[in-house]
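[1] Return a 3D structure for these sequence lines:
(chains A and B)
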Amino acid sequence: MTSLLERAGTQPLGRAKGGETSPRSVLFLLALWLCMFVGLVFLAVLLVQTFLDGLPRLDAALITEYSSRLTPEETGFRAAIFGTVWVIGTTALLAIPLGIAAAIYLEEFADNERWYTRLIEVNIQNLAAVPTIIYGLLTLGILSLMQIVLDFQNRNIVIGGGIALALLILPVIIIATRESLRAVPAEIRAGSLALGATPWQTVWKQTLPSAVPGIATGTIIALSRAIGEAAPLLLLGAVVFVRFDPNGLLSGFTTMPVQIYSLVAQPQEAFRTAASAGIVLLLGLLLVMNLLAILIRNRFERRW
Amino acid sequence: MHLVSSTTVGGDRSSGAGPPSGGPAAPAATGQSPSLRPSSNRVGERIILTVLFGAAVVSVLTTVAIVVSLVIPAISFFREIPIVDFLTGTRWTPNFAVKDYGVLPLLVGTLWTTAIALVVAVPLGLGAAMLLSEYASDRARRVLKPVLEVLAGVPSVVYGFFALQFIGPVLLSGLLGIQVGTFNVLQAGLVLGMMIIPTIASLAEDAMSAVPSALRQGSAALGANRMQTTVKVILPAAISGIIAAIVLGISRAVGETMIVAIASGSIAQVISDPRDAAQTMTGFIAQAATGENAVGSLAYNTLYAVGLTLFLITLLVNVISIRLVRRFREAY
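    Next up is the predicted model:
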């Protein structure tokens, strides 16, 4: 830092000709705003274009019909919608308790000086940046092992999708939970302990309830990421025309993004229209979830 | 650790301007090591703690499982295909009659899409970061930042479809008059770049906001305007954080699957023109993964050999990024 200060001291930064309103300065600011707006315009074009493309197929059949190779004009997302509900439900059941428990350990109990605590922390940072398709390869390996013990032929099963997506979003949930636990002031813990509560009672009855809004927000955002994720599920073989509702953990499935992917690969224009309509449906779902997350954050999150 | 050290801060606050020596002495006075753990002698608490620790260990087990699940099939692959051929071969044709397993075409494909993505995302991301950190009011930042982050929340399959449906035929061929085929690395890279803008912008903004305002004030006192302060003081001061942001963006771009699987084509070839189609590492895995490959077959093992290559590349990139982030955090 000293080098920078010295540099600033010995070499004047140049006189500002005209200060904040000099042409270069104004152009610079304009360029910055342009950088910001390119992304926003791109997003707006994407949303409008997709909506217009999908408009002809935004009908009831889109939700109530199974996908069909024979009648592309009436192909629907019924199996994918049910499949998404099943897989994301499984993902939530696996990832939320595990993620919150790990976060509580790391934030409330772990001794940061120990090597294994630091190993876990670095490891979580690393996991958060592992390509999603690698989780698919991992799950394929896990399912191959499970096939030795359990009797199932098809690897494209709900529990497989759940495991893949749960492992994928675990780091996100852990990081979000830790942040909201960290925001709970120490006085609350100290007060609870001073009244004779055990450390676990303090966590369970005081710290955790205070952190729930933040945890809920982080979890919803993590789940909405899982809903849009297709890459790991491709490896399980989810790109098939599924024409039934999943009915259990060992049932075959497809999900919204995976079915959109499989429709994109079809040559007929009608399938692409259906894909656009499916995207509108998917984005609508994600929008609702994100609004819910924002609502929870604004309504319930406490500031100490 | 967390609890007791913060408790002392709270204690100081409640007792007004207490002597600073009271803080460090507090843990010793209570006779506890700085953790919640030793104060509990109950069996139930110990069991709960063990369960929580187990949950934290799951993340480490995941990493171990990833490495094991990638390495074992990859070893079988390299028994059949010499590793030198894999790394130096220039033909990737596992689905053809004459099978070649040179990974270079896939690496080159990944390099192209990543490079194009960076050309888009680095200037736009840094520009947005500078705007948010140095120019925007608190209110503008509260609106602009979440909106920009929506770009990262859109599912990548949506981006892939948009690249194929709109960016290629309408924007590149139609509006800009660049002749491209249905599949090309240019459209995939452009959209990939848009996707990683928030990653770069968000981390770079954190790094710039972390620069102490004394530097801004000093710069202003020397007569610099805001532009000069931003470019000549803030940017150099935050450079390690900015590089970390870019490196993380690279890692995202290398690992992204759906955009390239949909929009960049499924022909593995070494290309010298971004208007051509080329397959990336992730694109190959997505295309070859049908769920039908028998465990232990060469086709199955090939997926894992490419997956291991991908994992090692992103791991290297991530380690660099984490190192850089740590360094920039320690700077002030």
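[2] Report how many residues lie close to the residue of chain A found nearest chain B.
    Of all residues in chain A, A:G237 sits closest to chain B, at 1.7 Å by C-beta to the nearest C-beta. C-beta coordinates here come from the backbone N, C-alpha and C atoms, glycine included. Neighbourhood size, A:G237 [other C-beta atoms under 10 Å in any protein chain shown]: 21.
[3] do the same with the one 4 residues further on
    By the criterion of other C-beta under 10 Å, A:F241 has 14 neighbours.
[4] Just give the number of residues close to residue 256.
    All of this is about chain A. Neighbour count of A:M256, defined by other C-beta under 10 Å: 25.
[5] Switch to chain B, please.
    Counted with other C-beta under 10 Å, B:E256 comes out at 29.
[6] ok now do it, which residues does it touch?
    Counting by C-beta atoms under 8 Å, 6 or more residues apart in numbering or on different chains, B:E256 makes contact with A:P131, B:S156, B:L192, B:M195, B:T282.
[7] what residues are up against A:L167?
    A:L167 sits in contact with A:A95, A:Y135, A:L138, A:T139, B:T62, where contact means C-beta under 8 Å, 6+ apart.
[8] Format the residues you listed as TSV; extra columns: pLDDT, secondary structure and neighbour count.
    Output for these, formatted as TSV (pLDDT from 0 to 100; DSSP: H, G, I helix; E, B strand; the rest coil; neighbours: other C-beta atoms under 10 Å in any protein chain shown):
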residue	pLDDT	secondary structure	neighbour count
A:A95	96	helix	27
A:Y135	94	helix	26
A:L138	94	helix	27
A:T139	93	helix	28
B:T62	93	helix	21
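[9] Need the max-distance pair from those residues.
    A:A95 and A:L138 (14.7 Å; C-beta to C-beta).
[10] one step back: tell me which of the contacts of B:E256 fall in helices.
    B:S156, B:L192, B:M195, B:T282 (DSSP state H).
[11] Need the phi and psi values for the residue of chain A closest to chain B.
    phi 90, psi 30 (degrees, to the nearest 10).
[12] Look up how far B:A294 lies from it.
    12 Å (C-beta to C-beta, to the nearest Å).
[13] Could you do A:V258 as well?
    A:V258 sits 22 Å away from B:A294, going by C-beta to C-beta.
[14] More neighbours: which of those two?
    Higher neighbour count among A:V258 and B:A294: A:V258, with 29 against 9, using other C-beta under 10 Å.
[15] Looking at the closest residue to that one other than its chain neighbours now. What's its pLDDT?
    Sequence neighbours aside, A:A238 is the residue nearest to A:V258 in space, at 4.5 Å (criterion: C-beta to C-beta, 6 or more residues apart in numbering or on different chains). Note for A:A238: predicted pLDDT of 70.
[16] Over to A:R24?
    We have a pLDDT of 86 for A:R24.
[17] Same check on the one 3 residues further on?
    At A:L27, the pLDDT value in this model is 91.
[18] check which helix or strand covers it.
    Using DSSP states H and E, A:L27 sits in helix A:23-54.
[19] and that helix, is it in reach of chain B?
    Yes - using C-beta under 8 Å from any C-beta of the partner chain, helix A:23-54 comes into contact with chain B via A:24-25, A:28-29, A:31-36, A:38-40, A:42-43, A:45-46, A:49-50, A:53.
[20] For A:I88, give me its contacts.
    Applying C-beta under 8 Å, 6+ apart, we find A:I88 in contact with A:L165, A:L223, A:A226, A:I227.
[21] Go again with 7 Å.
    Residues in contact with A:I88, defined by C-beta atoms under 7 Å, 6 or more residues apart in numbering or on different chains, are A:L223, A:A226, A:I227.
[22] before we move on, what about B:A261?
    B:G160, B:T282, B:G283, B:A286, B:Q287.
[23] would you turn those residues into TSV with pLDDT, distance to chain A and neighbour count?
    Shown next, in TSV, are the contacts of B:A261 (pLDDT from 0 to 100; distance: C-beta to the nearest C-beta, whole Å; neighbours: other C-beta atoms under 10 Å in any protein chain shown):
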residue	pLDDT	distance to chain A	neighbour count
B:G160	94	7	29
B:T282	94	5	29
B:G283	92	10	31
B:A286	90	5	25
B:Q287	87	9	16
